[in-house]
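K.L.:
How does the following fold in three dimensions:
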Amino acid sequence: MVSTTSCPGSLFKFIALRHKLNFQTQFLHNLSDPSRLFESRCRQDNFNNSSLLESVIWSISLCSSIPICRLIHSRVVKCLNYNDWFVGDRLVSLYARLGFISDAHNLFDEIPDRDLVSWNSFISVFSKMGEVGLSLNAFYRMRHEDAMNPNEITLISLISGCGIVEGGYVHGFAVKNGLLSERKVLNSFINMYGKYGCLNAASRLFQMIKLPNLVSWNSIIKIHVQNGLLEKGISYFNIMRGVEIYPDQATIVTVLQGCADIGVGKTVDAYHGYILCSGLDISVPTMTALLNVYAKSGRLTASCEIFREMREPDMIAWTAMLAAYAIHGYGRHAVDHFDFMVQKGFEPDHVTFTHLLSACSHSGLVNEGKELFKTMYSAYKVKPRLDHYSCMVDLYGRSGCLKDALVLIDSMPMEPNPGVWGALLNGCKVYGDIELGEEVAGKLITLNPSDPRNYIMLSSIYSKSGRWAEFAKVRALMKDQGLVKTAGCSFIEHDHKIHRFLVSDQAHPDIERIHAKLNDLMNKIGEAGYVANTEFVLHDVDEDVKGDLVRLHSEKLAIAFGLLVYSDNAPLIITKNLRICGDCHNMAKFVSRVENRVIIIRDTKRFHHFADGLCSCGDYW
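P.N.:
Below is the predicted model of the structure:
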């Protein structure tokens, strides 16, 4: 007897309505025991095999519990044939999907007259589950037990779940058996090699395709973009258009996501034009990707315009706009946007609250953040996750409420991760709490001894307080561990190229002009009241040496270059790979005033909009 709690009533209701059988009274009675329903169907004279098969197949597709699975299986044995409409293959997949691998194998072995479709289905179900060993074992059995010759569908099913080693084996098999000429197989191999960063192998396979289709082009573009080679991906995009293969939504979204990762603004304008000309502006995913890339390129106004132009933005679009407000430090706008979204009937999820709490943290909205954190579960049934606790600890840390942050961490229902402790350590650095900072840094180093950021943060706390002996010990420990501080670098786009600057950079072709411009600029802001803040130099050296070091930070070089090459009214948009230091932040404020320019700097945490000597963050970051 099977419990009714394990049987979805909608399954049987659907079957009854589907075939319009006149047994509603009997159907309601049979709900108390699902086996009666199948038995009654088998006994009905007017219920033919075709209708029963259709009902069984729908039952399999909707089944979510092993008792019902076994019930359906028993009825199939009693009333049907495993080979009818591949019902046996479907049951095998169902057993595997429910986690009963042994049952799946046993049933598969029972199926008579297994054909290539059966084997392909058997291999595919394990490959989709990530069970590479089981799928390869099935592949071996297929060839040796039933003497089946694999086709392109077999290989595609295998490749999708393979790692680089297993994929190499399948690749060799495809070459040996003449299956590498199939375009779909080549596309699958391209995706597999790209997933593991083997771009040369993927590119060689792409060159082997006689007539690449849209899937082929999308694959080669995607793997280059996802591996950080945006320019190469764009090159393939342009070649694709040159051979009159027209990009679709997937192509555009992939390229836009790559542009967003490095904050390329000018290039995106061209894609925006293409989207409008090709009619893709009606695609919500495409316009959401465009909104996102404009936001990450420092152009929040353009993001707002894109969102307003969407006819029916979905939940992802609403969340993307909220995230845009968050990274630009417009916390109040983010909260208002959230309220409007809820009024429109959208239900916020855990991603929405992560961006919302982050927005409150970066804008100093402590009370609002606390209230939202309280109501996210009580009002919206969103259970707090580690990301939400990390945002709240960051909120308390940035506002100096370090004790409140500790209380929250102690109350967490799960173990705090490095993100939570890192947020607290940042608060310790900002407010100079050495004792707590040492304790938190110790926890972080224990959790992840190979992450150099934890050592850097602790050494920063020591250097800020002038405790150079402790500073030296931390740096020596880093050296012993073989850890290296990530070099700070800044990026600025000009003339369709990304110009990269390191600290004390000498590599740029126009470096002499850049240094001359920077010297002139530093003199001008010095006359306006700027004084270098050398506490951000993590070296125990003389003050004049510290001044020289802080003077050549990568942000300053990028600002000087931007002033040389951009027109007088164009804002300078700079991306930094680390958090902007306090001295560069102060310098940018002075430059915005003396040069009457808007400067936008995106660091790893947020955007800073400098204008008229002020920053959008209100010096709270």
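K.L.:
May I ask which helix or strand of this structure has the lowest mean pLDDT?
P.N.:
Using mean pLDDT, DSSP states H and E, the weakest-scoring helix or strand in the chain turns out to be helix 24-30, at a mean of 37.
K.L.:
Bridging across strands, which residues link to L572?
P.N.:
I599 (DSSP bridges).
K.L.:
what residue is smack in the middle of the protein?
P.N.:
Q257 (10.0 Å; C-alpha atoms, centre = their mean).
K.L.:
Tell me where the model's unsure across the protein.
P.N.:
1-50, 53, 84-85, 262-266, 534-549 (pLDDT under 70).
K.L.:
Can you list the helices and strands that the lengthiest helix in it packs against?
P.N.:
Assignment by DSSP state H gives helix 511-527 as the longest helix of the chain. Helices and strands touching helix 511-527, by 3 or more C-beta pairs under 8 Å, 6 or more residues apart in numbering; DSSP states H and E, are helix 554-565, helix 582-594. Yep, even glycine has a C-beta here, placed from its N, CA and C like the rest.
K.L.:
got a list of contacts for that helix?
P.N.:
Contact with helix 511-527 is made by 505, 508, 530, 551-552, 556-557, 559-561, 563-564, 587, 590-591, 594-595, as judged by C-beta atoms under 8 Å, 6 or more residues apart in numbering.
K.L.:
my guess is R579 is in a strand, correct?
P.N.:
No: the assignment for R579, made by DSSP: H, G, I helix; E, B strand; the rest coil, is coil rather than a strand.
K.L.:
Which residues lie in contact with it in this structure?
P.N.:
603-605.
K.L.:
what's around L322, how many residues?
P.N.:
25 (other C-beta atoms under 10 Å).
K.L.:
Just the buried positions in stretch 405-417, please.
P.N.:
405-406, 408-409, 416-417 (16 or more other C-beta atoms under 10 Å).
K.L.:
Any chance of a markdown table for the helices and strands packed on helix 511-527, columns distance to S51?
P.N.:
Shown next, in a markdown table, are those (distance: least, C-beta to C-beta, whole Å):
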| stretch | distance to S51 |
| --- | --- |
| helix 554-565 | 71 |
| helix 582-594 | 73 |
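K.L.:
what's the closest of the ones you listed to D387?
P.N.:
The closest of those to D387 is helix 582-594. By C-beta to C-beta, the value is 26.3 Å.
K.L.:
can you state the direction angle for that closest one and helix 511-527?
P.N.:
80 degrees (axes from the mean of the first three to the mean of the last three C-alpha atoms, to 10 degrees).
K.L.:
what sits up against helix 582-594?
P.N.:
So helix 582-594 is contacted by 521, 524-525, 528-530, 532-536, 550, 553, 555-556, 559, 563, 597-599, 601, 608, 610-615, 619, 621 (C-beta under 8 Å, 6+ apart).
K.L.:
contacting residues around the closest residue to M129 other than its chain neighbours?
P.N.:
Leaving aside its chain neighbours, M129 sits nearest to A96 (6.6 Å; criterion: C-beta to C-beta, 6 or more residues apart in numbering). Going by C-beta under 8 Å, 6+ apart, A96 touches 104, 125-126, 129.
K.L.:
now A96: how far from S135?
P.N.:
11 Å (C-beta to C-beta, to the nearest Å).
K.L.:
what's the overlap in contacts for the two?
P.N.:
The contact lists of A96 and S135 share F126, where a contact means C-beta under 8 Å, 6+ apart.
K.L.:
The protein: strands as residue ranges?
P.N.:
489-494, 497-502, 572-576, 599-602, 607-611, 614-615 (DSSP state E).
K.L.:
Including distance to S363 and mean neighbour count, could these go into TSV?
P.N.:
Below are those laid out as TSV (distance: least, C-beta to C-beta, whole Å; neighbours: other C-beta atoms under 10 Å):
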stretch	distance to S363	mean neighbour count
strand 489-494	24	20
strand 497-502	29	18
strand 572-576	20	26
strand 599-602	17	24
strand 607-611	12	23
strand 614-615	13	18
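K.L.:
Let's have those strands in TSV, adding distance to M287.
P.N.:
Formatted as TSV, those follow (distance: least, C-beta to C-beta, whole Å):
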stretch	distance to M287
strand 489-494	22
strand 497-502	25
strand 572-576	21
strand 599-602	22
strand 607-611	21
strand 614-615	30
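K.L.:
Figure out the length between the terminal residues of stretch 324-340.
P.N.:
Using C-alpha to C-alpha, to the nearest Å, one end of stretch 324-340 lies 16 Å from the other.
K.L.:
I would like the residues contacting it, please.
P.N.:
Residues contacting stretch 324-340 (C-beta under 8 Å, 6+ apart): 291-292, 295-296, 300, 303-304, 318, 321-322, 348, 352, 355-356, 358-360, 362-365, 368, 372, 602, 606-609, 616-617, 621.
K.L.:
mind running it again at 7 Å?
P.N.:
291, 295, 300, 303, 321-322, 348, 355-356, 358-360, 362-363, 365, 368, 606-607, 616-617 (C-beta atoms under 7 Å, 6 or more residues apart in numbering).
K.L.:
Also stretch 455-468?
P.N.:
Contacts for stretch 455-468 (C-beta under 7 Å, 6+ apart): 425, 428-429, 432, 434, 437, 441, 470-471, 474-475, 477-478, 483, 485, 535, 538, 540.
K.L.:
Swap in 8 Å and give it another go.
P.N.:
So stretch 455-468 is in contact with 422, 425-426, 428-429, 432, 434, 437-438, 441, 445, 470-471, 474-475, 477-478, 481, 483, 485, 535, 538, 540, going by C-beta under 8 Å, 6+ apart.
K.L.:
Please apply the same query to stretch 255-274.
P.N.:
Contacts of stretch 255-274 (C-beta under 8 Å, 6+ apart): 221, 225-226, 228, 230, 233-234, 237, 247, 252, 280, 286, 289-290, 292-299, 491, 493, 496, 498, 573, 575, 602.
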